[in-house]
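Visitor: Build the 3D model from these lines:
(5 chains, ligands or ions: 4)
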Amino acid sequence: MRTALPVLGLLAIIGLWWLATIVFGIEPLLVPSPADVVASFLELPGYLLEQALITLWEAVSGFGLSIVIGVPLALLIVGSRVLERMFYPLLVALNAVPKVAIAPIVVVWFGFGISSKVLMVVLVCIFPIVISTASGMKSTPSELVELFRSLDATRTHEFFKLRLWHALPQIFVGLKVSITLAVIGAVIGEFVGADAGLGYVITVSGGSADTSLAFAAMALLAIISVALFYGLTWVERKLVPWAEV
Amino acid sequence: MRTALPVLGLLAIIGLWWLATIVFGIEPLLVPSPADVVASFLELPGYLLEQALITLWEAVSGFGLSIVIGVPLALLIVGSRVLERMFYPLLVALNAVPKVAIAPIVVVWFGFGISSKVLMVVLVCIFPIVISTASGMKSTPSELVELFRSLDATRTHEFFKLRLWHALPQIFVGLKVSITLAVIGAVIGEFVGADAGLGYVITVSGGSADTSLAFAAMALLAIISVALFYGLTWVERKLVPWAEV
Amino acid sequence: AAPAGQKASQKVNYLTSFGTFGRDAYVYVAKEKGFFDEAGLDVTITPGTGSVDVLKLVSAGRADFGVADFTATAITTAKEKMPVTVLAAIQQRSLAAIVALEGNGISKPADLEGKKIGDQPGSTNQVMFPVYAKAAGIDPAKVQFVPSAPPALPQLLAAGQVDGIGQFVVGKPLIEAAAKGKKAVVLPYGDLVPDLYGNALVSSKDFVQNKPELARTFMTALLKGLEYSIEHPDEVGPILKKYQPTQDADVASAEVGLMAPYVKPSDYSGRVGGVTEARVSKIVGTLVEAGAIPAGSLAPTDFVSFGSSPK
Amino acid sequence: MITLSGVSHSFGGVHALDGIDLEVGEHEFVAVIGRSGCGKSTLLRLVAGLLTPSRGRILVAGSPVTRPRRDVSVMFQRPALLPWRTVLANVLLPTEILGLGDHRDRAHELLELAGLGGFEKRLPHELSGGMQQRVSLCRSLIQSPQVMLMDEPFSALDAITRTELSEELQRVQLARPRAVVFVTHSIDEAVLLADRIVVLSPRPGRIHRVVEVDLPRPRALGQVELDEVSRELRGLLVTA
Amino acid sequence: MITLSGVSHSFGGVHALDGIDLEVGEHEFVAVIGRSGCGKSTLLRLVAGLLTPSRGRILVAGSPVTRPRRDVSVMFQRPALLPWRTVLANVLLPTEILGLGDHRDRAHELLELAGLGGFEKRLPHELSGGMQQRVSLCRSLIQSPQVMLMDEPFSALDAITRTELSEELQRVQLARPRAVVFVTHSIDEAVLLADRIVVLSPRPGRIHRVVEVDLPRPRALGQVELDEVSRELRGLLVTA
Ligand SMILES: Nc1ncnc2c1ncn2[C@@H]1O[C@H](COP(=O)(O)OP(=O)(O)OP(=O)(O)O)[C@@H](O)[C@H]1O
Ligand SMILES: Nc1ncnc2c1ncn2[C@@H]1O[C@H](COP(=O)(O)OP(=O)(O)OP(=O)(O)O)[C@@H](O)[C@H]1O
Ligand SMILES: [Mg+2]
Ligand SMILES: [Mg+2]
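Guide: Ligands and ions are numbered 1, 2, ... in the order given. Take a look at the predicted model:
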């Protein structure tokens, strides 16, 4: 039952998609049928999986780095009104810059290697993590904050023994939004300067109008995302057993 | 004080940026100096503002539509385990598809008009809204849920008089993440099949290697985002006075 | 709207090849000079985003006409059986080129060996490189192509991340402007592979079949604009700027000036826009040879409407 | 009105209630006392249909309890106020949900009675603990149910307010008798209000003894007869 | 140990406390009683340094209170347990924050005493209301502060547990006297425990009367002398 339903949902969508391609006679060039996509995948399964692993690795490293940077940043923002007022708007502004547009600059500075892709991932991921962590920590019930105050707890204690724990469920919401964005960030990084990864596959197939291949790559992206997402959900269940998720 | 600090932060960053372009002798082609960007803007102020308004309008309509679609979707997901299991993974998968890659398909189906851009915005915005609304509604304290149960409240009452209210602070986190993405979504929509909007300006300036113009457009984007973000924050303050934001 | 007395104007959608640069400005010239009005056409111009996107939009009927790279059109039609057809060749010679900066050690085709070239995967420049290399007598395997997105190319070149980039010949002024004083070295494919067409005006097969008259009328008016442009390059910049304020008029005019010999080479006696079956066959042969398409997968008439092309 | 037969309940490992048999008449006021953690709140939540018993059957008005009923009101141990609603809107919540029409006047009356006049427009976080509890009490009194379940309604109140409100409750019950199950920690309160008092033994909660209070009404705190019963109950609690 | 002079406090519009003058000796146990909403909790939070008085001065151990002090412990009216910590970890929280070293044994001892043996590994939401309050009590007792501030520590407890724990508190205070300010709703409890009882008048809270309880210790509930004082206090509360 637990696994049957998602599979059912998937089948429903694939069925609809297939039906649509047949009924509306959609050009395979525009939207290939599921069969075309599977055929495309089966032509190069090993290669595609290899590319998927590369993208996965970029996404996961960037995501990890985003947590490492984002959570302390949120701590700083919650800890100091001045920092919040000064740098929150900048963070918002940074997030509003279309990553596709600055990808070239990132590649020029960080080269064609993995670092430019990881940086793209971080740029995409950091905002949801910071904002959800900060807002979760701010919403700590006042009675608990008073308890810590009454114990004359240090800032560090207040953050690490209270606010961060309280924020965990909300942090996970931010992480879940971020993880799917992470995959996109890696792909955008690969669009600009890479010779491997699913983003590269999509660019190449775009250049040769091989839409089925592009769809196969995107299906792999979707699978990666869903896997990462439910991985996170699992970690959440283990880590936040007191919250009714 | 309240406005001085953000301005200070902005000035600090602009100063650093300027310094960097001078000290490291960065090519204006790569990263133009603030002066170049301002000069670019002053060449076509009226035109750029007009384009900014177009993008703003697309982003705002798409954002509004995302709320209209996303919140009821979240209600459905929270209301039914079956729907959640069936369609949540699909939503995750949809979110993982790089929007840049499907932009041409969207344009093919929805044309060159505003609707394709609005759809791109919705595709980008919907996920954070759904996930934050759903998770906020799920985290309603059990004592309040029991109160409603004890009154034999209908699902509708439970959602609209309890869960939605409780979720409001978290919904706003999702909205804040979405609003900056909305602007990006509009820009991505404008990358393909548009002859107006800041995304178009960025594409054009990219093609003519006019980096200052691209930066001017991105600065406008950032300003739009920050304005929308703080607009939302203001609405939140008015609407959620009981939560300590 | 059409002036009184004329027949009601017909609405037509047109996609440029990429953006609204000088190389695509002739459509605005045709509009500005009234060629479309004279022909009773009301043309909506939308900036395109590259050959494949244009082909998709045209084959899906979103746009009636578009401009796409001739080679890309051939390859895409061969592989995907896309229902598009070429009406005219905008440039008689390919604009594709490798562009480097002076002082980077590239001044002739032979210098390319052992260098890094940035280009978009699947671009004409990359696909046709083996053919070019063969003509130049160098080993294509010794040139490393670094995949990269088009907007990033000038920046990568200027920043020295790559030694050369795939570009169109007309991009020279842009690159030089970007590289701050450095001169650009341009190695046009057309010098060594003169048979390749540049961009092509495409439409969907349906459209050409159902409205052959309209297709002809539009093509004629557009080519009139093209011809006018290459004859009066100085006028083109200001006209473009009028429609697209972000464009630099001088750069646009310079582009058109550079493009002129490719639209109408000195040794070319045919009409502007003409396509001949002989040359198309040769190109298809070259593509098969370069491994871009399988042998026998494409006949010239599959993707060119010789019947409608300019005579 | 309420019948429990052989009702037991466990929370994964913790055996909270064991073999409860109890009958509450249509107009009967039953108080439940017992040590903290013996399962009093669990008992109420079972009758309210918020929990399903691990074993045994519960009937209300003749039909088995499978889910909450509209003719049963519950007042919880914790105030459970909606933080975004004013005091008045919190009190009016049941009338909105049950579709009972305009009860503003009644709400004002109840709030006045509970000493909360002038606080109608305040939000819950601006109230003291006892004031929150009184709001919750007003909310449970605004319905006119057949069965009232109350979980320590006066625990956060001072002696005077407690006396005032329990006397008010007695008046209400005399004027329009209902089936009431009333959990309390105050023996005096139980004796003042109840027709019968159920004494539960500590974990797992079993019925240790049921004491009938056969004194005429209205009763008043401090009556000598009440004190006698109180003393008996205190003894029972110790031995339970 | 504690000195309040002319202390008033308002919450935007609500005048909670007015002109409080009070002195609590180093080893003195002072109980505070008053109607619900009269400002008792506010008084404690002022002394604890969690609120700053609108007017007046507060000294603890001779120095003005500007922020919470490490030698003052507070037990709040609501349990305020951390939902992600087990019962044991909740009790140990102050020792972690104050860096007091390993207090596991002491925590187990306190929990046992409060009747919570066997629940050390449970999470707060698995406890009854009274059990949560007892955890909160254990938490406040694990420090050994100079000043203890307690806000209705026994309100959610049954009569027996309440008696047990208040007698335990009396023992602790006799063995190692501290300055204690103890808010309660139970007059009997106040009389049992306190050296002096402060009766506050309703909103705004003013000191209505201070009653000395000059009876020898240990005292026991039900002593006739205590009842006398109780009766006096009850009268005072009504007239307050
Ligand atoms: N955060 C707050 N904002 C506004 N008003 C408040 C706040 N806290 C308390 N008050 C008001 O101050 C007054 C005193 O509250 P306090 O909590 O001190 O009462 P109390 O004596 O502890 O009552 P109880 O016995 O019911 O706990 C009340 O009228 C209450 O409405
Ligand atoms: N949700 C739960 N999960 C696990 N155990 C629970 C839960 N709710 C109650 N219990 C356990 O059931 C027992 C009875 O709890 P209940 O709340 O009914 O006690 P009570 O008599 O109301 O106590 P109090 O007077 O302290 O409110 C307790 O031992 C408690 O630990
Ligand atoms: Mg209880
Ligand atoms: Mg209080």
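Visitor: show me what contacts the residue of chain A positioned farthest from its centre?
Guide: Largest separation from the mean C-alpha position in chain A: A:S150, at 39.4 Å (Cα atoms, centre = their mean). For A:S150, the contact set (Cβ atoms under 8 Å, 6 or more residues apart in numbering or on different chains) comprises E:48-50, E:68, E:72-74, E:76. Bear in mind the C-beta positions are built from the backbone N, C-alpha and C, glycine included.
Visitor: Can you pick out the most distant pair from those residues?
Guide: For the contacts of A:S150, with distances taken as Cβ to Cβ, the pair at the greatest spread is E:G49 and E:F76 (14.1 Å).
Visitor: Among the two, which residue is more densely surrounded?
Guide: Ranked by neighbour count (other Cβ atoms under 10 Å in any protein chain shown), E:G49 and E:F76 place E:F76 first, with 26 against 20.
Visitor: ok, the more buried one touching A:E143?
Guide: Yes - at 6.6 Å, E:F76 and A:E143 qualify as touching, with contact defined as Cβ atoms under 8 Å.
Visitor: Over to C:G237. Which of the three states is it?
Guide: helix (DSSP: H, G, I helix; E, B strand; the rest coil).
Visitor: In contact with it, which residues are there?
Guide: C:22, C:25, C:247-253, C:256.
Visitor: same check, this time on C:K183
Guide: Going by Cβ under 8 Å, 6+ apart, C:K183 touches C:101-102, C:176.
Visitor: same question, A:L10
Guide: Counting by Cβ under 8 Å, 6+ apart, A:L10 touches B:89-90.
Visitor: Checking my notes, it in a strand, right?
Guide: No - A:L10: not assigned to a strand; according to three-state DSSP it is helix.
Visitor: I'd like the distance from the host helix or strand of A:P128 to the chain centre, please.
Guide: Following DSSP states H and E, one finds A:P128 within helix A:114-138. Relative to its parent chain, helix A:114-138 has a centroid offset of 9 Å by Cα atoms, centre = their mean, to the nearest Å.
Visitor: what packs against it?
Guide: For helix A:114-138, the elements it packs on are helix A:45-79, helix A:81-96, helix A:99-110, helix A:164-192, helix B:164-191, judged by 3 or more Cβ pairs under 8 Å, 6 or more residues apart in numbering or on different chains; DSSP states H and E.
Visitor: could those helices go into TSV alongside mean pLDDT and mean neighbour count?
Guide: As requested, the helices and strands packed on helix A:114-138 are exported to TSV (pLDDT from 0 to 100; neighbours: other Cβ atoms under 10 Å in any protein chain shown):
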stretch	mean pLDDT	mean neighbour count
helix A:45-79	93	19
helix A:81-96	83	20
helix A:99-110	79	23
helix A:164-192	90	27
helix B:164-191	91	27
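Visitor: Between the ones you listed, which one is closest to chain E.
Guide: Closest approach to chain E among the helices and strands packed on helix A:114-138 is made by helix A:164-192 (5.1 Å; Cβ to the nearest Cβ).
Visitor: So is the closest one next to chain B?
Guide: Yes - shown here: helix A:164-192 in contact with chain B (Cβ under 8 Å from any Cβ of the partner chain) through A:169-170, A:172-174, A:176-177, A:180-181, A:183-184, A:187-188, A:191.
Visitor: A:S40: what's it in contact with?
Guide: Residues in contact with A:S40, defined by Cβ under 8 Å, 6+ apart, are A:32, A:210, A:212-213, A:215-216.
Visitor: What is the lowest-pLDDT residue among the residues you listed?
Guide: Least confident entry in these, by pLDDT: A:D210, with 77.
Visitor: Give me the neighbour count for the residue lying closest to that residue once chain neighbours are set aside.
Guide: Sequence neighbours aside, C:K79 is the residue nearest to A:D210 in space, at 6.7 Å (criterion: Cβ to Cβ, 6 or more residues apart in numbering or on different chains). Per other Cβ under 10 Å, the neighbour tally for C:K79 reads 17.
Visitor: tell me which element C:K79 is part of?
Guide: Counting by DSSP H and E, C:K79 is found in helix C:70-80.
Visitor: Tell me which other helices or strands the helix or strand of chain D with the lowest mean pLDDT touches.
Guide: Using mean pLDDT, DSSP states H and E, the weakest-scoring helix or strand in chain D turns out to be helix D:224-239, at a mean of 84. Secondary-structure packing of helix D:224-239 (3+ Cβ pairs under 8 Å, 6+ apart): helix D:187-193, strand D:196-200, strand D:207-212, helix E:159-175.
Visitor: Quick check: A:A134 touching A:V78?
Guide: Yes - A:A134 lies in contact with A:V78 (Cβ under 8 Å); the separation is 5.3 Å.
Visitor: before we move on, what SS does the closest residue to C:A110 other than its chain neighbours have?
Guide: Excluding the flanking residues, the one nearest C:A110 by Cβ to Cβ, 6+ apart is C:I138, at 5.8 Å. Put simply, C:I138 is coil when judged by three-state DSSP.
Visitor: how about the residue sitting nearest the centre point of chain A, what does it touch?
Guide: Residue closest to the average C-alpha location in chain A (Cα atoms, centre = their mean): A:I179, at 2.4 Å. By Cβ under 8 Å, 6+ apart, A:I179 lies in contact with A:59, A:63, A:125, A:225, A:228-229, A:232.
Visitor: Which of the residues you listed ranks first by neighbour count?
Guide: In terms of neighbour count, A:A59 stands highest of these at 33 neighbours, by other Cβ under 10 Å.
Visitor: do stretch D:68-88 and chain A meet at all?
Guide: No - Stretch D:68-88 lies out of reach of chain A by Cβ under 8 Å from any Cβ, never closer than 10.2 Å.
Visitor: ok, the residue of the stretch 101-250 of chain C found nearest chain A to C:S51 distance?
Guide: Per Cβ to the nearest Cβ, C:G122 is where the stretch 101-250 of chain C lies closest to chain A, at 1.8 Å. According to Cβ to Cβ, to the nearest Å, C:G122 and C:S51 sit 9 Å apart.
Visitor: Over to D:I2?
Guide: From D:I2 across to C:S51, the span is 79 Å (Cβ to Cβ).
Visitor: more crowded one of the two?
Guide: Higher neighbour count among D:I2 and C:S51: C:S51, with 28 against 23, using other Cβ under 10 Å.
Visitor: Which positions in chain D make contact with ligand 3?
Guide: Chain D has residues D:41, D:77 near ligand 3, with proximity defined as Cβ under 5 Å from the ion.
Visitor: who touches the residue nearest the centre of chain D in this structure?
Guide: Centroid check for chain D by Cα atoms, centre = their mean gives D:M150 as the closest residue, at 1.4 Å. By Cβ under 8 Å, 6+ apart, the contact list for D:M150 reads D:74-75, D:140, D:180-183.
Visitor: if you look at those, which of them are in helices?
Guide: Counted as lying in helices by DSSP state H, out of the contacts of D:M150, are D:S140.
Visitor: Are any of the contacts of D:M150 buried, and if so which?
Guide: Buried residues within those, counting neighbours by 16 or more other Cβ atoms under 10 Å in any protein chain shown: D:74-75, D:140, D:180-183.
Visitor: For chain D, which residues are neighbours of ligand 2?
Guide: Within chain D, the positions near ligand 2 by Cβ under 6 Å from any ligand atom are D:11, D:14, D:16, D:36-42, D:77, D:203.
Visitor: Would you mind writing the ChimeraX command to select the buried ones in those residues?
Guide: ChimeraX command restricting those to the buried ones, with burial defined by 16+ other Cβ under 10 Å:
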select /D:14,16,36,37,38,39,40,41,42,77,203
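Visitor: Any chance of a markdown table for the residues of chain D next to ligand 2, columns distance to E:A240?
Guide: Output for the residues of chain D next to ligand 2, formatted as a markdown table (distance: Cβ to Cβ, whole Å):
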| residue | distance to E:A240 |
| --- | --- |
| D:F11 | 43 |
| D:V14 | 43 |
| D:A16 | 41 |
| D:S36 | 30 |
| D:G37 | 35 |
| D:C38 | 35 |
| D:G39 | 38 |
| D:K40 | 32 |
| D:S41 | 33 |
| D:T42 | 38 |
| D:Q77 | 28 |
| D:R203 | 40 |
